[in-house]
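# Here is a sequence together with a model predicted from it:
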Amino acid sequence: MADTTEPEPTASHKRCERWKLGACRSSSFVQFMLKALHDAGCPVDASKHFVCEPCPVANTTGAFDASRNQIVLCEDALYSESNTADVLTHELMHAFDHCRGHVDFASNIKHLACTEIRAANVSGDCFFLKEFFNRLNLKIAGQHQRCVKRRAALSVAAAMDVSKETAMDAVDEVYEVCFRDTTPFDRIP
């Protein structure tokens, strides 16, 4: 008879679960996005829609899986509760875009580029202090816009397995419209 007992969760899994719950309780951005999704008719249950898993792709901290309607948190790549909150906010923006419109993240590069631009723009990925202190991007003028383009293109290239040039072309094509669309936020936070 086969052993059907679940393996003991790893330390990184336990930590991810703790940070996930903490981010849902204490991050105003996560709380705002959860309310926005609820108001748009797509309520989110963190215990059902947020999962902590090991991720096989290097430099990935999270992903929105539209087919499962879940946010995957890469338990082995997260490094703090505040980082987890940033990842959740970014992925919740993808969930919001999935909720509010007919988008095809899997095969339409422009749809993916747009949601990546929007997520990088409002999630905190490109906030000045993070760029300045964490990534040592010391240029001030236009820093936020360059960061949004760079991060969106990197995400598109990884998700669609295309060249950086092809990804940047897609980002450039939809950038102006998607950068201005900060919904559900009134403006860039």
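Yes, it's here. Numbers count the residues shown, from 1 in each chain.
# how about low-confidence regions in the protein?
In the predicted model, the chain carries pLDDT under 70 at residues 1-4, 128-141.
# Please name every helix or strand in contact with the longest helix along it.
Secondary structure of the chain per DSSP state H: the longest helix is helix 81-100. If you count contacts as 3 or more C-beta pairs under 8 Å, 6 or more residues apart in numbering; DSSP states H and E, helix 81-100 packs onto helix 11-26, helix 28-39, strand 62-65, strand 70-74, helix 109-122. Placement of C-beta: from N, CA and C, glycine included.
# For my notes, please list the ones you listed in a markdown table and give mean neighbour count for each entry.
As requested, these are exported to a markdown table (neighbours: other C-beta atoms under 10 Å):
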| stretch | mean neighbour count |
| --- | --- |
| helix 11-26 | 17 |
| helix 28-39 | 17 |
| strand 62-65 | 21 |
| strand 70-74 | 21 |
| helix 109-122 | 25 |
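# show me the contacts for the closest residue to residue 49 other than its chain neighbours.
Nearest residue to residue 49, sequence neighbours excluded (C-beta to C-beta, 6 or more residues apart in numbering): residue 70, at 5.4 Å. Applying C-beta atoms under 8 Å, 6 or more residues apart in numbering to residue 70 gives the contacts 48-51, 64.
# and which of those is nearest to residue 20?
The closest of the contacts of residue 70 to residue 20 turns out to be residue 50 (C-beta to C-beta; 5.5 Å).
# Next, count neighbours for the closest one.
Residue 50: 24 surrounding residues under other C-beta atoms under 10 Å.
# Bridged to it, which residues?
Listed by DSSP bridges, the beta-bridge partners for residue 50 are residue 71.
# Can you tell me how far it is from residue 84?
10 Å (C-beta to C-beta, to the nearest Å).
# Give me the common contacts of those two.
With C-beta under 8 Å, 6+ apart, residue 50 and residue 84 have common neighbours 20, 73.
# contacting residues for the closest residue in space to residue 106 that isn't next to it in sequence?
In space, and not counting its chain neighbours, residue 106 is closest to residue 66: 7.3 Å by C-beta to C-beta, 6+ apart. Residue 66 is in contact with 94, 98, 103, 105-106, counting by C-beta under 8 Å, 6+ apart.
# Phi and psi next, for residue 66.
Dihedral angles of residue 66 (phi, psi; degrees, to the nearest 10) stand at phi -60, psi -30.
# Tell me the spacing between it and residue 8.
According to C-beta to C-beta, residue 66 stands 31 Å off from residue 8.
# next one: residue 96
35 Å.
# Tell me which of these two has more neighbours.
The neighbour comparison of residue 96 against residue 8 (other C-beta under 10 Å) goes to residue 96, with 23 against 8.
# so what's residue 118 up against?
Residues in contact with residue 118 (C-beta under 8 Å, 6+ apart) are 93, 97, 178-179, 181-182.
# Nearest to residue 79 among those residues?
The closest of these, once distances to residue 79 are taken by C-beta to C-beta, is residue 93, at 20.8 Å.
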